[in-house]
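Q: Build me a structure from this.
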Amino acid sequence: MQLRPLSLRGGEREALLVSRLAALCLFLSTIEFLIPKPLPFLRLGLANAPLILALNLVSPTGYLALCLIKTVGQAIISGTLFSYIFLFSAAGTASSAISMFILSRLFRHHISSIGISVAGASASNAAQLLLARFLIFGESVMYMAPPILFAGLISGGVLGALTGIYTASSSWYKETLEGRWPPQHIDLLPPEVPQNRREEAIQRLKIPFSLLLAGFLLFSDSLLIKSVTTLCAAILLCISGKKIRILPTITITSGILFFNLLLPFGRVLAEPFGLPITEGALYSGIKKALVLEGMIFLSRWLLVHLPRLPGTVGALMSQTLAFLAYLTEHRSTVSRKHLVASIDALMYGHDQVRPEHPYNPV
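A: Numbers count the residues shown, from 1 in each chain. Here you go, the predicted model:
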């Protein structure tokens, strides 16, 4: 199949970069979603790493777009878009992003990634505690503030240190900083035209049908509905020709269940090795696992030959979703032994991309 070249202009190159960083934000958000939290609006801040990387890579407009995609995407992944928790997430992301952006501009050569990350984590926690003071806990929030702010210092410091190690060793980051990535020319495969009207109609129905299934996953509290929806998403993915990796699926599900059982609530069902298995924690873990795996199956199916969304915002979201699917499908390639190199390989992606998702790796 013959490739047709595409020459990227400045705005398109930044859109590609923003979409990759945004997809990385959402990918890290899915990992963070697995970890139980003492308060539903608190986050470890893993998804802030791409925001730190972006400080020296994109324009203020691109940085704003990245923050917006991160905020909305996190809410969709966690199912909190239409809840008060979304306000906490938005306030945390906004305060963190603003503080990190200002510090990076004022002290560009005099502050490390650790300092920027700690400032962002502190600003995020402070904003969320302030909202909690007025919306949920009242004056009692003063008792939560010290440990939460201290935890923010620790997590922010660790995240900043890891980000600093990556930026110091990453060839992808160096090439992007120097303007050598993304490349000036990208080869696109010819568009795939549906063979008949039936296939064309199916393509048009994919987005609304996916939104319907996502609604069942995110907003239904029924374990049965979540189970059936996840099963439907898995069947659709298999029918489309994509494979489901059984071992990673089992590993992720087991991890979610284990960490949720560490925060017991409800009726005690059993106590193996002294660990109480409670009904509430078990059901909560199963539901979280179904939501996560169901959304992964659904997003992978949605991105198979999905037509490009219209408009500038639609194109950016298409690129983001496409690369998120790539990260999800290749997540097992991340190596602890060669962490930076394996992450770089993911960020470079694949040179050949489909035009319906301009930067969707084949």
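
Q: make it CA atoms for all contacts and neighbour counts henceforth
A: Fine.

Q: pLDDT weak spots in the protein?
A: Applying pLDDT under 70 to the chain picks out residues 1-10, 33-44, 76-84, 136-137, 184-203, 303-314, 350-362.

Q: In the top helix by length along the chain, which of the residues would be classed as buried?
A: Across the chain, the longest stretch assigned as helix under DSSP state H is helix 141-169. By neighbour count with 16 or more other CA atoms under 10 Å, helix 141-169 contains the buried residues 141, 148-149, 151-153, 155-157, 159-161, 163-164, 166-167.

Q: Just the C-alpha atoms of the helix or strand just after it, please, in PDB.
A: The helix or strand immediately downstream of helix 141-169 is helix 171-177, counting by DSSP states H and E. Coordinates of each C-alpha in helix 171-177 appear next as PDB, following Å, rounded to 0.1, in the frame of the first residue of the first chain:
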ATOM      1  CA  SER A 171      15.900  11.300  23.800                       C
ATOM      2  CA  TRP A 172      12.200  12.000  22.900                       C
ATOM      3  CA  TYR A 173      12.100  14.900  25.300                       C
ATOM      4  CA  LYS A 174      15.400  16.300  24.000                       C
ATOM      5  CA  GLU A 175      14.400  16.100  20.400                       C
ATOM      6  CA  THR A 176      11.000  17.700  21.200                       C
ATOM      7  CA  LEU A 177      12.700  20.500  23.100                       C
END
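
Q: so what does helix 171-177 touch, helix or strand wise?
A: Contact here means 3 or more CA pairs under 8 Å, 6 or more residues apart in numbering; DSSP states H and E; on that basis helix 171-177 packs against helix 339-348.

Q: mind listing what's buried in the helix it packs on?
A: Across helix 339-348, burial judged by 16+ other CA under 10 Å covers 340-344, 346-347.

Q: packing partners for it?
A: If contacts are counted by 3+ CA pairs under 8 Å, 6+ apart, helix 339-348 sits against helix 171-177.

Q: quick one, the longest helix of the chain and helix 339-348 angle?
A: Relative orientation of helix 141-169 versus helix 339-348 (axes from the mean of the first three to the mean of the last three CA atoms, to 10 degrees): 90 degrees.

Q: And helix 141-169, how far out from the chain middle?
A: How far helix 141-169 lies from its chain's middle: 19 Å, per CA atoms, centre = their mean, to the nearest Å.

Q: Which neighbouring elements make contact with it?
A: Packed on helix 141-169, when contacts are counted by 3+ CA pairs under 8 Å, 6+ apart, are helix 49-54, helix 113-135.

Q: Indicate which one of the ones you listed is closest to Ile31.
A: Judged by CA to CA, the one of the helices and strands packed on helix 141-169 that comes nearest to Ile31 is helix 49-54, at 13.0 Å.

Q: In the following helix or strand past that closest one, which residues are buried?
A: Next along the chain after helix 49-54, taking DSSP H and E as the criterion, comes helix 60-78. Buried positions in helix 60-78, judged by neighbour count with 16+ other CA under 10 Å: 62-78.

Q: so what secondary structure elements neighbour helix 60-78?
A: Helix 60-78 makes packing contacts with helix 10-33, helix 49-54, helix 84-106 when contacts are defined by 3+ CA pairs under 8 Å, 6+ apart.

Q: Residue ranges of each domain in the protein, please.
A: The chain is divided into the following domains under automatic domain parsing: 4-185, 194-304.

Q: Please tabulate the ones you listed in TSV, including the columns distance to Arg336.
A: As requested, the domains of the chain are exported to TSV (distance: least, CA to CA, whole Å):
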stretch	distance to Arg336
domain 4-185	13
domain 194-304	16
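
Q: Return the most buried member of those domains.
A: Counting by mean count of other CA atoms under 10 Å, domain 4-185 has the highest mean neighbour count of those, with a mean of 18.

Q: residue contacts, the closest residue in space to Ser96 that isn't next to it in sequence?
A: Once flanking residues are discounted, Ser96 sits nearest to Gly120: 4.1 Å by CA to CA, 6 or more residues apart in numbering. With contacts defined as CA atoms under 8 Å, 6 or more residues apart in numbering, Gly120 is in contact with 95-97, 99-100, 156.

Q: at 6 Å what do you get?
A: By CA atoms under 6 Å, 6 or more residues apart in numbering, the contact set of Gly120 is 96, 99-100.

Q: how close does the residue nearest to Ile148 when sequence neighbours are not counted get to Ser104?
A: With sequence-adjacent residues excluded and distances taken as CA to CA, 6+ apart, Ile148 is closest to Asn125, at 7.2 Å. From Asn125 across to Ser104, the span is 19 Å (CA to CA, to the nearest Å).
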